[in-house]
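*Asks:* the following block contains a protein sequence and its predicted model.
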Number of protein chains: 2
Amino acid sequence: MRALRYHGKEDVRLEEIEEPALQPGTVKIAPAFTGICGSDLSLYYKGPFAPMPTATEPHPISGETLPVVFGHEFSGVVEEVADDVEGVKVGDHVVVEPLMVCGECPACRKGAYNLCEKMGFIGISGRGGGLSEHIVVEKQWVHEIGDLPLDAAALIEPLSVALHAVKQTSAAEGQTAVVGGAGPIGLLTAAVLKAKGLTVIVSELSEARKQIAKDTGVADVVLDPSAEDVAAKVYELTDGAGADVAFECAGVPVVLQTMFDSLGVGGHVEVVAVYTRTVELDITANLTMAEKTLGASIGYAHDHEEAIELARSGKVDLATFISSRIKVEDIVDKGLARLHDHGETEVKILVTM
Amino acid sequence: MRALRYHGKEDVRLEEIEEPALQPGTVKIAPAFTGICGSDLSLYYKGPFAPMPTATEPHPISGETLPVVFGHEFSGVVEEVADDVEGVKVGDHVVVEPLMVCGECPACRKGAYNLCEKMGFIGISGRGGGLSEHIVVEKQWVHEIGDLPLDAAALIEPLSVALHAVKQTSAAEGQTAVVGGAGPIGLLTAAVLKAKGLTVIVSELSEARKQIAKDTGVADVVLDPSAEDVAAKVYELTDGAGADVAFECAGVPVVLQTMFDSLGVGGHVEVVAVYTRTVELDITANLTMAEKTLGASIGYAHDHEEAIELARSGKVDLATFISSRIKVEDIVDKGLARLHDHGETEVKILVTM
């Protein structure tokens, strides 16, 4: 079968490889649409980093080394089902929760499998990926999507990231949320918050992304931190109370500070971006004096069903976040390189085989 | 009447001043015992800082400038009650929640009056203090203590600080808590956690304080970070799960890091100490990868009744934290200077008039 495999830094290849065989407990799926993620971009341009294996160091769960099939945000159609598998049948439209976990570490035992010590991703750490004609996946990671269109469904994975972050907080209907950064995860976080009945204020510098935040309807208000004092404006919009919750989706210390400054007493900042450097934190000013709290979340665990329901019910319109559709042959030029050079005009690029 | 007044840095004077007069809505109290607090010590040796007024800048709520009567941790006996006051009578034993708040700011409107924008303390910001023969206090800040001894009751104020910090977290029976630092607030935090049915591990460097933590029975385990790897030991004691919650009661970055390292996935660090400097925080390692959270609390709001109940029921034995009893004439030599020079051998010094 044809598959796009990651061999190393700036080296992905469309190759003919052996079709994976159905095993007990698994389902064979024909991927339909695969989204390109920010981590795909980093892996392509920076080279492999955990949880991706290297050419010599295998991933602890998959046992595989490079090359691996690429693509972890995907939907597909069930082609074959192992005899011992129930609850899914040939022809079902599904998404894959693209994980591999040890099942034994303290996090797994607590059900927080997104924090598994050995955590891996299908499409990054081995076990195939969305950018292939067929993939065999353990039943537990396969979620039916019913009548949700297969293209929109490729965004269930990043929507689950956003939903998981929101669920880590006490965000509730009627509250005000601030989202810092309107990249794909910021936009989807805003969409989840809006779906849950919060007033959503998005702070974003880029003209293109501000426009997307407006066009997709996920923000009640879009603020530009280069043009106005975001925290002062949030206070004004909330009659002096400040926001209840804020989501740092930029990974930039000044945005983190703006999130703190926008909150009212008892407010919570959830960091959704992954910080690559330490930050200088004034605990007294940012936390103590207004009893604010700081959390950070990653991935998802037990979130896909609710994400699918949010999309199926129309509360989150995933189609609006699809900005381009390309063929796998064009993955570099029209996918990775485009996101690298003109990322702010794109939200989600979908790839088909 | 006699009163100890704070005039400035290293300048407190036992003076004859006018006895305060009962006003509508107030209660006159004869203070019985007054505890010396870490902030009293800082104010004495460093000079006035907010929320203490200066000689020329009045406190925004009390309107008073220096000198002010000193002492905010006190118990006493009701001497006189204004005609319009109900629910308290002459002879009642009480403690004072020593606050003055604006009642109008967003925090006050939310009931989080400990975060009042203009926040002041009786005994620091004006309106008299515990180190006097009489004090007149608004009824709302007066709490009956029933048969709780008046000496132990002087510790209800710091116990309320500890209780408030614990209540900011989801600490619950059966969990494991780590407390970093066994000064007065660390010990009382440990005592509250123990009373709530948690297993309590205290980390403390000082020999004297380690001994106090053992003698008062607030810790199930006392660890010395100079002698052992506290986080590794906590993991060992919890069968590899890590602690559920940790309390930073030292105000030292390395202790904060130990608190993070001692927690299991989803754990929470509550900072109870007041940090005077920024800290370098690795969000990804400390928060994201195990979805830990960080909070910080200050003071108390709606906590005194529960603190009194904890002490009256015997779940927290406040008497065990009284380390010395002195007369007001000796406040400097046997009180402030002793805490300054030999603080680690003391927990709470009580002063009488």
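*Replies:* Everything's here; your move. It should be emphasised that the depicted structure is a prediction, and the values quoted were computed from it without experimental measurement. Numbers count the residues shown, from 1 in each chain, chains lettered A, B, ... in the order given.
*Asks:* tell me who's in contact with the most centrally placed residue in chain A.
*Replies:* When chain A is reduced to its mean C-alpha position, the nearest residue by Cα atoms, centre = their mean turns out to be A:P158, at 2.6 Å. Contact partners of A:P158, counting by Cβ atoms under 8 Å, 6 or more residues apart in numbering or on different chains, are A:35, A:37, A:73, A:184-185, A:188, A:348. No exception for glycine: its C-beta is placed from N, CA and C like everyone else's.
*Asks:* out of the residues you listed, list just those in strands.
*Replies:* Among the contacts of A:P158, the members found in strands (DSSP state E) are A:35, A:73, A:348.
*Asks:* which bits of chain A sit near chain B?
*Replies:* Residues of chain A that fall close to chain B, judged by Cβ under 8 Å from any Cβ of the partner chain: A:106-107, A:110, A:112, A:114-115, A:168, A:240-242, A:264-266, A:271, A:274-276, A:278-284, A:287-298.
*Asks:* quick one, which of the residues you listed are buried?
*Replies:* When neighbours are counted using 16 or more other Cβ atoms under 10 Å in any protein chain shown, these contain these buried positions: A:106-107, A:112, A:114-115, A:168, A:241-242, A:264-266, A:271, A:275, A:279, A:281, A:283-284, A:287-298.
*Asks:* for stretch A:41-49, the distance to its chain's centre please.
*Replies:* Centroid separation between stretch A:41-49 and its chain, computed with Cα atoms, centre = their mean, to the nearest Å, is 17 Å.
*Asks:* please disregard the earlier target; I meant stretch A:116-133.
*Replies:* For stretch A:116-133, the distance between its averaged C-alpha position and the chain's averaged C-alpha position is 14 Å (Cα atoms, centre = their mean).
*Asks:* again with stretch A:213-225
*Replies:* Here the centre of stretch A:213-225 is set off from its chain's centre by 20 Å, with Cα atoms, centre = their mean.
*Asks:* what's the span of it, first residue to last?
*Replies:* Taking Cα to Cα, to the nearest Å as the measure, stretch A:213-225 stretches 15 Å from start to finish.
*Asks:* mind listing what's buried in that stretch?
*Replies:* Judged by neighbour count (16+ other Cβ under 10 Å), stretch A:213-225 contains these buried residues: A:213, A:216, A:218-223, A:225.
*Asks:* so what touches it?
*Replies:* Contacting residues not belonging to stretch A:213-225 are listed as A:179, A:182, A:187, A:190-191, A:194, A:199-205, A:210, A:230, A:233-234, A:237, A:254-255, A:258, A:317, A:320-321, A:347 [Cβ under 8 Å, 6+ apart].
*Asks:* swap in stretch A:35-49?
*Replies:* Contact partners of stretch A:35-49, identified using Cβ under 8 Å, 6+ apart, comprise A:6, A:8-10, A:12, A:52, A:54, A:66, A:70-74, A:124, A:154-155, A:157-158, A:183-185, A:331, A:335-336, A:339-340, A:343, A:348-351.
*Asks:* picking that back up, just the residues of chain A next to chain B: which are in helices?
*Replies:* When DSSP state H defines the helices, the subset of the residues of chain A next to chain B inside them is A:106-107, A:283-284.
*Asks:* make a markdown table from these and add pLDDT to it.
*Replies:* Below are those laid out as a markdown table (pLDDT from 0 to 100):
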| residue | pLDDT |
| --- | --- |
| A:P106 | 93 |
| A:A107 | 96 |
| A:I283 | 98 |
| A:T284 | 97 |
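*Asks:* put together a markdown table for the residues you listed, with distance to B:K327 on each row.
*Replies:* Formatted as a markdown table, the entries for these read as follows, by distance: Cβ to Cβ, whole Å:
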| residue | distance to B:K327 |
| --- | --- |
| A:P106 | 54 |
| A:A107 | 57 |
| A:I283 | 38 |
| A:T284 | 35 |
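*Asks:* which residues does the closest residue to A:L294 other than its chain neighbours contact?
*Replies:* By the measure of Cβ to Cβ, 6 or more residues apart in numbering or on different chains, the closest residue to A:L294 outside its immediate chain neighbours is B:L294, 4.6 Å from it. With contact taken as Cβ under 8 Å, 6+ apart, B:L294 is in contact with A:287, A:293-295, B:268-269, B:271, B:286-287.
*Asks:* can you tell me the closest non-neighbouring residue to A:K28?
*Replies:* Counting by Cβ to Cβ, 6+ apart, A:K28 lies nearest to A:E80, which is 3.9 Å off, once chain neighbours are set aside.
*Asks:* mind checking how far A:L188 is from A:S160?
*Replies:* Taking Cβ to Cβ, to the nearest Å as the measure, A:L188 and A:S160 are separated by 9 Å.
*Asks:* stretch A:211-220: how far from the chain's middle?
*Replies:* Between the mean C-alpha position of stretch A:211-220 and that of its chain there is a distance of 19 Å (Cα atoms, centre = their mean).
*Asks:* show the average pLDDT along that stretch.
*Replies:* Along stretch A:211-220, the predicted confidence averages to a pLDDT of 95.
*Asks:* endpoints of it, how far apart?
*Replies:* End-to-end distance for stretch A:211-220: 13 Å, by Cα to Cα.
*Asks:* now do the contacts for A:P149.
*Replies:* For A:P149, the residues meeting the contact criterion (Cβ under 8 Å, 6+ apart) are A:A319.
*Asks:* just A:P24 next, same as before
*Replies:* If you count contacts by Cβ under 8 Å, 6+ apart, then A:P24 has A:82-84 around it.
*Asks:* tell me the pLDDT of A:K28.
*Replies:* 98.
*Asks:* go on, A:M353?
*Replies:* pLDDT recorded at A:M353 is 96.
*Asks:* so how many other residues sit close to the residue lying closest to it once chain neighbours are set aside?
*Replies:* Closest residue in space to A:M353, ignoring its immediate chain neighbours: A:V328 at 5.3 Å, by Cβ to Cβ, 6+ apart. With neighbours defined by other Cβ atoms under 10 Å in any protein chain shown, the count for A:V328 comes to 21.
*Asks:* phi, psi for A:V328 please.
*Replies:* Torsion angles at A:V328 (phi, psi; degrees, to the nearest 10) stand at phi -60, psi -30.
*Asks:* hang on, the earlier thing: buried subset of the contacts of stretch A:213-225?
*Replies:* Buried residues within those, counting neighbours by 16+ other Cβ under 10 Å: A:179, A:182, A:187, A:190-191, A:194, A:199-205, A:210, A:230, A:233-234, A:237, A:255, A:258, A:320-321, A:347.
*Asks:* tell me which other helices or strands the helix or strand harbouring A:L193 touches.
*Replies:* Under the criterion of DSSP states H and E, A:L193 resides in helix A:184-195. Secondary structure elements in contact with helix A:184-195, counted by 3 or more Cβ pairs under 8 Å, 6 or more residues apart in numbering or on different chains; DSSP states H and E, are helix A:156-167, strand A:176-180, strand A:199-203, helix A:207-215, strand A:243-248.
*Asks:* out of those, deepest packed?
*Replies:* For the helices and strands packed on helix A:184-195, average neighbour numbers computed from mean count of other Cβ atoms under 10 Å in any protein chain shown are highest in strand A:176-180, which has a mean of 31.
*Asks:* that one pairs with which strands?
*Replies:* For strand A:176-180, sheet partners with direction are given as strand A:199-203 (parallel), strand A:243-248 (parallel), following DSSP bridges.
*Asks:* state the mean pLDDT of the helix or strand just after the last one.
*Replies:* In this case it means strand A:243-248. Read in the C-terminal direction, the helix or strand following strand A:243-248 is helix A:253-262, with elements assigned using DSSP H and E. Model confidence over helix A:253-262, given as mean pLDDT, is 98.
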